[in-house]
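[1] Below is the structure, and that's it, no one-letter string:
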């Protein structure tokens, strides 16, 4: 379904380009690994790395696990890609299942909200496709180039496990 939405979207606005790796050359992904310290994302199929992306951008405070709403940290741990959002404020987005039960319990014990709505997404809508916002700028999400998120959108199905390492 998500691939059909991207295809309709691409044709409706007349874009012809895309990532240098074509989605049809890659198998469907069954695991995503993000290493915050390396600013890298690996996509796996049947236990093998099929693609790697570098230069990831994170929240304004990229070190440490997200604990509370507004701390601008990116979560660490095992989650799931819940769904793709084609109506994002950014060029496509894939929702990460943060917060989990442990995250909610920790925040509750501190009398705080754990926050939520953490996504892997592209750059802000309206920014030319070949440009990126400089530095770490999200509120805890993982930002990629528009071409990179378009590729992930096509090959990462809903329900895919993701691990985010420090």
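    That came through fine. Just so it is clear, the structure is predicted and the values come from calculations on it, not from any experiment.

[2] can you count the residues close to the nearest residue to residue 68 once chain neighbours are set aside?
    Leaving aside its chain neighbours, residue 68 sits nearest to residue 112 (4.5 Å; criterion: C-beta to C-beta, 6 or more residues apart in numbering). C-beta coordinates here come from the backbone N, C-alpha and C atoms, glycine included. Residue 112: 14 surrounding residues under other C-beta atoms under 10 Å.

[3] Look up phi and psi at residue 112.
    phi -130, psi 170 (degrees, to the nearest 10).

[4] just checking, it touches residue 70?
    No. Using C-beta atoms under 8 Å, residue 112 makes no contact with residue 70, being 9.1 Å away.

[5] For stretch 118-130, what is the spacing between the initial and final residues?
    Start-to-end span of stretch 118-130 (C-alpha to C-alpha, to the nearest Å) is 23 Å.

[6] I misspoke; the intended subject was stretch 78-98.
    Terminal-residue distance, stretch 78-98 (C-alpha to C-alpha): 9 Å.

[7] Quick test: name the residue nearest the centre of this structure.
    residue 120 (1.5 Å; C-alpha atoms, centre = their mean).

[8] Next, the contact list for residue 71, please.
    Going by C-beta atoms under 8 Å, 6 or more residues apart in numbering, residue 71 touches 59, 61, 115, 140.

[9] returning to that earlier point: gap between the residue nearest to the centre of the chain and residue 108?
    26 Å (C-beta to C-beta, to the nearest Å).
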